[in-house]
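Asks: can you look at this prediction? I've put the sequence above it.
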Amino acid sequence: MRTAAVVPAAGRGERLGPGTPKALREVGGVPMLVHAVRTLARARFVDVVVVAAPPGEVAAVAALLADHEVPAEVRIVAGGASRQESVLLAVASLPPDVTAVLVHDAARPLVPVELVDAVATAVREGAEAVVPALPVADTVKVVDPDAGFVVATPDRATLRAIQTPQGFRREVLEAAHAAAGAAVATDDAGLVEALGIKVSVVPGSEEAFKVTRPIDLMLAEALFARRYADGVR
Ligand code: CTP
Ligand code: MG
């Protein structure tokens, strides 16, 4: 089984504030994308990494990844207008012999390699689709955004926050994206669920959090400082 990692990195990072596209912003002295690609490439079963770069930054991303040592084959494609489109474009350029695909956000630079290995292993052992999940700390309510009142409170014990990498059998991911058409999901597993295919769950990692807002960048900086102090590179 040959495994690829697809890295959607084409977003602008609007919630982080104005500046360079988010995946190219530095944390721990290195662009977030480089951290993510390095960790994926170091994972046990990842043979090739395909990055969906911001459309205007394909050459810059190629130069950046050439500058940093990455222990796997890396390909770069231009991403799309939405995360879903970026993933679709990257999947379309996968080598034909790839049978398993991990999709990992460039914006999760601290993902532990053990989590990547766990997701890849679940796919190798027969899961059609697998997501890392964490219990939620806050109570989550369904609200009517227009009227501004609460509609329902799902039992927190049944809720999980879902991270990446998400892992798929290649045909399953391709079928899910093909069937989605104009429908949108905030993650790839959501498209697989819409086909009625079972999505497995593995324990997530607090370090796999997504850098979304300025406070996340501060947390990421602190965690990289600690890793470097511990001698981890
Ligand atoms: N992404 C992508 N193509 C897009 C939009 C997002 O490849 N057109 C990627 C981002 O680069 C990121 C991941 O999808 O690695 C998760 O998306 P998100 O955290 O929402 O990043 P952004 O879209 O960049 O941020 P924002 O929504 O705040 O603008
Ligand atoms: Mg976004």
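Replies: Structure's in. What do you need? Predicted, not measured: the structure shown is a model, and the values here were computed from it. Ligands and ions are numbered 1, 2, ... in the order given.

Asks: so which residues of this structure form strands?
Replies: Assigned by DSSP state E, the strands in the chain fall at 2-8, 26-27, 30-31, 46-53, 73-78, 98-103, 129-135, 142-144, 149-152, 160-162, 166-169, 200-203.

Asks: what helices and strands are in contact with the longest one?
Replies: If I follow you right, that is strand 46-53. strand 2-8, helix 32-42, helix 58-67, strand 73-78, helix 83-92, strand 98-103 (3 or more C-beta pairs under 8 Å, 6 or more residues apart in numbering; DSSP states H and E). C-beta coordinates here come from the backbone N, C-alpha and C atoms, glycine included.

Asks: and the second one, by the same measure?
Replies: Here strand 26-27 is seen to pack against helix 214-229 when contacts are counted using 3+ C-beta pairs under 8 Å, 6+ apart.

Asks: list the buried residues of the helix it packs on.
Replies: Using 16 or more other C-beta atoms under 10 Å as the test for burial, helix 214-229 gives 216-217, 219-220, 223-224.

Asks: so it versus helix 32-42, what angle?
Replies: Note on geometry: by axes from the mean of the first three to the mean of the last three C-alpha atoms, to 10 degrees, helix 214-229 and helix 32-42 are set 50 degrees apart in direction.

Asks: and for G204, the neighbour number?
Replies: Neighbourhood size, G204 [other C-beta atoms under 10 Å]: 22.

Asks: any idea how far the residue lying closest to it once chain neighbours are set aside is from S93?
Replies: Leaving aside its sequence neighbours, G204 sits nearest to P132 (C-beta to C-beta, 6 or more residues apart in numbering; 3.6 Å). P132 is 25 Å from S93, where distance means C-beta to C-beta, to the nearest Å.

Asks: give me the more crowded residue out of the two.
Replies: Neighbours of P132 and S93, each counted by other C-beta under 10 Å, are more numerous for P132; the result is 24 against 13.
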